[in-house]
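J.: Okay, here's the prediction I keep looking at, along with the sequence it came from:
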Amino acid sequence: MEKQKIVWLQVMEQAVKEEANRALPEGFEVVYPASKTDVEEHTRLIEEADYLITQSIYVTGDQLRRAKKLKMIQKFGVGVDKIDTETAKELNIPVYITAGANSVPVSEMAVALMLAVNRQLPKVDKAVRRGEWPKEQMRRECYMLYNKVIGLVGIGNIAKQVAQRLKGFGVSEILYYDVFPLSAEKEAELGVRFCPLNDMMARADVISVHVPLTEETRGMIGKDQIGLMKPTSIIVNTARGFIIDHDALVDALRNGKIRGAGIDAYEEEPVKIDDPLLTLSNVVLTAHHAGSVIDNVFPRAEHAYGNIEKFSKGESIDPRDVVVAKK
């Protein structure tokens, strides 16, 4: 019996492929593109696919219209801003995510960035490697998480994990803003408290962004919101670049309106070499790899492949994974 074809639309290291494909179910084969940027190759592969797994490569409406065999799209992660979901809905191609599958590593990265910015780790590392010993300078410039107010923009799976991890740091309060506030019982369980966005921006010592990119969240942290932040506060973004107004952020960092930032997500990726963020010493920059850890590849792949296998058998899929349902 001919195997069903899964196109995994991502260029991967061989070790990552091998780890992921330990979870590949029987009756399926998986193929990968050779190029990250060859749109013609991507289109051809999508046309040949029975199932599609997406990550960071865009899937356009035109490509979906040409994909006559495609039964389902599975996101390896949660953000679907690079999938034309409206066209998928129109064509009755269901779209699923792996809800919660990368919440632990991303939450760890969010906390790591808070610490790296507060303790200026990249700056100190470079100084020590140059033979310097900036101990007294760091005493003047570094801060703790202890006894600080943390503000979470969004309270989904990742933000909840961040809240859990921050409990051990003795923070004074964890505030959150979300269009869907938690129940009082869940707030008590997590140790968080709802706060209107602007109030939270003004009160928090650390702002951490955890909302998906939608038309409603695009630019939601703009010049006005950043302008409310304390000059000693920092902001961390492990979500999507377009959620924070880039120019307003650069201005605030450059002119000391806020103390620092930890950035894992950018408007354009890879980040452009002339991006002014790269010139600022009060920013810690990473490569949108908050969820990229080898020991979480297999569990995420098992989740993604599991959804495909369930769909192929007509079995139900966790409702939390459904973005576009099959009619």
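T.: Looks like it came in fine. Note that this is a predicted model, so its numbers are computed, not measured. Numbering: from 1, shown residues only.
J.: can you confirm residue 127 is in a helix?
T.: Yes: Residue 127: assigned to a helix according to DSSP: H, G, I helix; E, B strand; the rest coil.
J.: Neighbours of the spatially closest residue to it that is not a sequence neighbour, how many?
T.: Closest residue in space to residue 127, ignoring its immediate chain neighbours: residue 134 at 4.9 Å, by Cβ to Cβ, 6 or more residues apart in numbering. In short, each C-beta sits where N, CA and C put it, glycine included. The tally of other residues near residue 134 (other Cβ atoms under 10 Å) stands at 16.
J.: Quick check: residue 134 touching residue 124?
T.: Yes: between residue 134 and residue 124 a contact is recorded at 6.2 Å, counting by Cβ atoms under 8 Å.
J.: could you say what helices and strands whichever strand or helix holds residue 307 packs with?
T.: Assessed by DSSP states H and E, residue 307 sits inside helix 297-313. For helix 297-313, the elements it packs on are strand 4-9, helix 14-20, strand 28-31, strand 51-54, strand 72-75, judged by 3 or more Cβ pairs under 8 Å, 6 or more residues apart in numbering; DSSP states H and E.
J.: can we see that at 6 Å?
T.: helix 14-20, strand 72-75 (3 or more Cβ pairs under 6 Å, 6 or more residues apart in numbering; DSSP states H and E).
J.: so which of those is the most packed in?
T.: strand 72-75 (a mean of 24; mean count of other Cβ atoms under 10 Å).
J.: and the next element down the chain from the helix holding residue 307?
T.: strand 322-324.
J.: just the helices in the stretch 101-250 of the chain please.
T.: With helices called from DSSP state H, counting those that start in this stretch, the stretch 101-250 of the chain shows them at 103-118, 121-129, 135-141, 157-166, 184-190, 197-203, 223-227, 246-254.
J.: Now tell me what touches the fifth one from outside.
T.: When you say that, I think you mean helix 184-190. Here helix 184-190 makes contact (Cβ atoms under 6 Å, 6 or more residues apart in numbering) with 160, 163.
J.: can you give me the offset of that helix from its chain's centre?
T.: How far helix 184-190 lies from its chain's middle: 24 Å, per Cα atoms, centre = their mean, to the nearest Å.
J.: Please apply the same query to stretch 103-112.
T.: 10 Å.
J.: just to revisit the earlier point, tabulate the helices and strands packed on helix 297-313 (CSV), appending distance to residue 292.
T.: CSV is the format used below for those (distance: least, Cβ to Cβ, whole Å):
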stretch, distance to residue 292
helix 14-20, 9
strand 72-75, 15
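J.: quick one: contacts for the residue positioned nearest the centre of the chain?
T.: Nearest to the geometric centre of the chain sits residue 239, at 3.8 Å (Cα atoms, centre = their mean). Residues in contact with residue 239 (Cβ under 6 Å, 6+ apart) are 209, 210, 211, 265.
J.: who touches the closest residue in space to it that isn't next to it in sequence in this structure?
T.: Residue nearest to residue 239 in three dimensions, not counting chain neighbours: residue 209, with 4.7 Å by Cβ to Cβ, 6+ apart. Residues in contact with residue 209 (Cβ under 6 Å, 6+ apart) are 153, 237, 239, 243.
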